[in-house]
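S.K.: Fold the following, please.
(one chain, ligands or ions: 1)
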Amino acid sequence: MRGHMRYLGEPGCRCAHPGYDSYDSEPFRMTDALPRPFAVDHPDVLALDLAALDARPGAVLLAHSPFYPGGGGQLPDRGTLAWNGIVRVVTGLEPTADGIWHLFGDDLETSGTVTLRVDAAFRQRMCEQHTVAHLVNSAVYTLFDGALLTGVRMTDTDEFSVDFDLPKVAPEQLRAVEDAVNAAIADDRPVRAFDMDYDAAQATAGLFRAKSVAPPRQANGLIRIVDIDGLDRQACGGTHLVSTARARRIRILKVDNKGRQNRRLRIGLASE
Ligand SMILES: [Zn+2]
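M.R.: Modelled structure (predicted):
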């Protein structure tokens, strides 16, 4: 029993791909045993009615979920579940081979159809930060001779950070990163995702941008690639804006040293 889908509001973000092991956010490792998160292929679906596959006090097992489970630096979605007029905040997600346990920290047990509802504003924030993270990554990769990403920390504020393996950064180079990102935003480039043969992706320079983690090979031998039209392509897990102009302009607020090699770029999104 899969339940039926309901589409709420405007599409916030369209392109997405499998979650992979994260840096600083909730760990979520995709394996062959776990299907690709529903949110990856249906990022526009923010509400779903589903029949429970199993239930226990404070948790219900559902075949799938509109909630992105977290990974790749992107935080798990927030939102609610409801049944029989009772509404609870979803406090955790536990993907299994059979479905996804939705936790709601309560002694109650659900009955009948369960309605899941993702917090659209929070998802939008994640899509914006994730898309900007790609643009920053692209600018750093280009301006610093293929420097690789070492971490991402998205937040529920207008600031987040991206870490790179960058031994030396001159202030004027950072200005160039900021300018490149804002130019890409102004260009309004479409953002799309497609699947590609994993081995072919491995053999293509520049598609894997993280130093120590990478999205895994999917069970079908493919990997998700995110394409920012005419600018950048990389393997990644998460949800994104449909085009770069949906993001606000950025400022690089600060650069922190994180060890000898790592530099943390603190990114601020314009408040207007
Ligand atoms: Zn991404």
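S.K.: ranges for the strands of the stretch 151-272 of the chain?
M.R.: 159-165, 191-197, 222-228, 232-235, 238-239, 250-258, 262-269 (DSSP state E, counting those that start in this stretch).
S.K.: okay, the longest one in CSV with CA atoms only?
M.R.: What follows is strand 250-258, C-alpha atoms only, in CSV (Å, rounded to 0.1, in the frame of the first residue of the first chain):
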residue,chain,number,x,y,z
ILE,A,250,26.4,35.7,-0.8
ARG,A,251,29.2,37.2,1.2
ILE,A,252,32.2,35.4,2.5
LEU,A,253,32.1,36.5,6.1
LYS,A,254,35.2,34.9,7.5
VAL,A,255,37.8,32.2,6.8
ASP,A,256,38.9,30.1,9.7
ASN,A,257,41.9,27.8,9.8
LYS,A,258,41.0,24.2,10.7
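S.K.: need the strands of the stretch 151-272 of the chain in a markdown table with distance to the ion, mean pLDDT and mean neighbour count, can you?
M.R.: Quick note: C-beta positions are derived from backbone N, CA and C, even for glycine. What follows is those, written out as a markdown table (distance: least, C-beta to the ion, whole Å; pLDDT from 0 to 100; neighbours: other C-beta atoms under 10 Å):
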| stretch | distance to the ion | mean pLDDT | mean neighbour count |
| --- | --- | --- | --- |
| strand 159-165 | 12 | 95 | 23 |
| strand 191-197 | 8 | 95 | 17 |
| strand 222-228 | 5 | 94 | 21 |
| strand 232-235 | 7 | 94 | 21 |
| strand 238-239 | 4 | 92 | 32 |
| strand 250-258 | 16 | 92 | 15 |
| strand 262-269 | 15 | 94 | 19 |
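S.K.: Output those strands as TSV; include the columns distance to Ser212.
M.R.: Formatted as TSV, the strands of the stretch 151-272 of the chain follow (distance: least, C-beta to C-beta, whole Å):
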stretch	distance to Ser212
strand 159-165	9
strand 191-197	22
strand 222-228	17
strand 232-235	14
strand 238-239	17
strand 250-258	14
strand 262-269	11
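S.K.: For Ala184, which of the ones you listed is the nearest?
M.R.: strand 222-228 (7.2 Å; C-beta to C-beta).
S.K.: What about Glu172, how many residues nearby?
M.R.: Glu172 has 7 neighbours, counted by other C-beta atoms under 10 Å.
S.K.: For the ion, see how far away it is.
M.R.: Distance of Glu172 to the ion, given as C-beta to the ion, to the nearest Å: 28 Å.
S.K.: shaky segments in the stretch 1-150 of the chain?
M.R.: 1-34 (pLDDT under 70).
S.K.: Next one: the residue nearest to the spatial centre of the chain from Val140, what distance?
M.R.: What sits nearest the mean C-alpha location of the chain, by C-alpha atoms, centre = their mean, is Gly238, with 2.7 Å. Distance check for Gly238 against Val140: by C-beta to C-beta, to the nearest Å, it reads 18 Å.
S.K.: Then Phe208?
M.R.: 15 Å.
S.K.: what about the two, which has more around it?
M.R.: Under the criterion of other C-beta under 10 Å, the comparison of Phe208 against Val140 puts Val140 first, with 28 against 18.
S.K.: thinking again about what came up before, what's the distance between the nearest residue to the residue nearest to the centre of the chain once chain neighbours are set aside and the ion?
M.R.: Nearest residue to Gly238 in three dimensions, chain neighbours excluded: Gln74, at 4.2 Å (C-beta to C-beta, 6 or more residues apart in numbering). Computed as C-beta to the ion, the Gln74 to the ion distance reads 8 Å.
S.K.: which bits of this structure sit near the ion?
M.R.: 226, 236, 238 (C-beta under 5 Å from the ion).
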